[in-house]
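Chemist: using only what follows, build the 3D model:
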Amino acid sequence: MSRTGLTAVRPAGYAVLRPARASFLVHRRAVAVAAVLTVLLACTVVAYLCVGESFVAPTQVVRVLLGRPSPDELVVGTLRLPRLVVGLLAGAAFGVAGALVQTVARNPLASPDVIGVTHGAGAATVAAMSFNAVGYTALPYVSVGGGLAAALLVYVFAWRRRLHSSRFVLVGIGVSVALGSLTQLFLTKGDYLVAQQAKVWLTGSLNGRGYEEAGPLALVLALAVPAAVWAARAQRGASFDDDTATALGVRLDRVRLGLTALGVILASVATGAAGPVDFVALLAPQIARRLTRTAQIPLLSSALTGSLVVVVADLLARRLFSPVELPVGVLTAAVGAPYLMWLIVRTRSRSGGTAS
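Modeler: Just a heads-up that it's a prediction; the model follows:
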């Protein structure tokens, strides 16, 4: 019983944590799902480092990860681990970015690669690569600029006194097509050898990726943690319809702008580090939401799911057709494209049923 005589009502499925003088509501199932995903991701990391042209025993992998001397330190620590780190960080960034964009659009079809953000980042990066405009280490920053420009373009054209989810997605698809054509133009006008490298990059590949690419991505993710904590709370207001959110005192335009900006930055930096790995930002949030069964898309589970999807896909891409190595984006697209078509059919079926 509180001082006002009213008893606080705890939502079903939630528990209350009281560290120090603060108190937080925690969804029990979301915590359990995050724990299971963490265990699965840890097992996948060990398997990723074990499997390759030469098999490394799990005990030796663990020794390398703990910093202990091992005869397989070169294979695990130098050749495989940097690539794995990029995949983990990029997958987490794509997962959170997709969750934020889908929250703003209130549409499961929305994701950075569908609405043009990754295409903007890709177009800017390919232009910089093809015309040798900047150094290789500056490419992630060029990607951020391209992603922000594409997102701003979509936001401006989709805004009509308020942001309608269907218009947001449709405008984003149109911008994606236009930016894809612009990217092809850059490939034909630039240096041939660099253009070939850019084509490989456009498929989304972790081949040759290392700590140079992981550094800026890790820095952005670390700086985004406070913003992600705010975003987790802001999601509640952004998920309501406009009238309800306004009645509750939510500054909806500012919240949506903040969530979109954070998602665009994360997706753009991840694209600069690993290339446009398609459909991870679309798949990860929806898988996480179906696993947790929460009202809002869980950011932590989305990040873990994104990392798991990228690492598993890259592991399969390395070994499925060995000795030929596929780009990781090929496998994520092979899974994500049918899911996108199923999602469109399912959405249209629901709309038809509502209309009738």
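Chemist: the residue nearest to L100 when sequence neighbours are not counted: neighbour count?
Modeler: Using Cβ to Cβ, 6 or more residues apart in numbering and skipping residues adjacent in sequence, the residue nearest L100 is G263, 3.5 Å away. C-beta here means a position set from N, CA and C on the backbone, and glycine is covered the same way. By the criterion of other Cβ atoms under 10 Å, G263 has 29 neighbours.
Chemist: pLDDT below threshold where in the stretch 51-200 of the chain?
Modeler: In the predicted model, the stretch 51-200 of the chain carries pLDDT under 70 at residues 136-137, 161-165.
Chemist: if we go to 50?
Modeler: By pLDDT under 50, the stretch 51-200 of the chain contains no weakly predicted segment.
Chemist: that older thread, secondary structure element holding the residue nearest to L100?
Modeler: helix 252-274 (DSSP states H and E).
Chemist: so for that helix, what gets flagged as buried?
Modeler: 252, 255-256, 258-274 (16 or more other Cβ atoms under 10 Å).
Chemist: again, but for stretch 104-123
Modeler: 104-123.
Chemist: how long is it from one end to the other?
Modeler: The straight-line separation of the ends of stretch 104-123 (Cα to Cα, to the nearest Å) is 24 Å.
Chemist: give the contact list for the residue nearest the centre of the chain.
Modeler: Residue closest to the average C-alpha location in the chain (Cα atoms, centre = their mean): F94, at 1.0 Å. F94 sits next to P112, L266, A267, A270, V277, V280, A281, A284, G306, V310 when contact means Cβ atoms under 8 Å, 6 or more residues apart in numbering.
Chemist: and for A158?
Modeler: H164, R167, F168, V171, G172.
Chemist: look up how far T78 lies from V229.
Modeler: Computed as Cβ to Cβ, to the nearest Å, the V229 to T78 distance reads 35 Å.
Chemist: now do the contacts for A274.
Modeler: Counting by Cβ under 8 Å, 6+ apart, the residues that A274 touches are V86, G87, A90, G204, S205, L206, R209, E213, V310, V328.
Chemist: shouldn't the second one be in contact with V310?
Modeler: Yes: in terms of Cβ atoms under 8 Å, G87 counts as a neighbour of V310; the distance is 4.7 Å.
Chemist: so for these two, which residues contact both of them?
Modeler: Contacts common to G87 and V310, judged by Cβ under 8 Å, 6+ apart, are L206, A274, V328.
Chemist: give the closest residue to the second one in space, chain neighbours not counted.
Modeler: For A274, the nearest residue in space outside its immediate sequence neighbours is A90; the separation is 4.0 Å by Cβ to Cβ, 6+ apart.
Chemist: doesn't the one you found fall inside a helix?
Modeler: Yes: assessed with DSSP: H, G, I helix; E, B strand; the rest coil, A90 lies in a helix.
Chemist: next, count neighbours for it.
Modeler: Counted with other Cβ under 10 Å, A90 comes out at 34.
Chemist: separation between it and S268?
Modeler: 11 Å.
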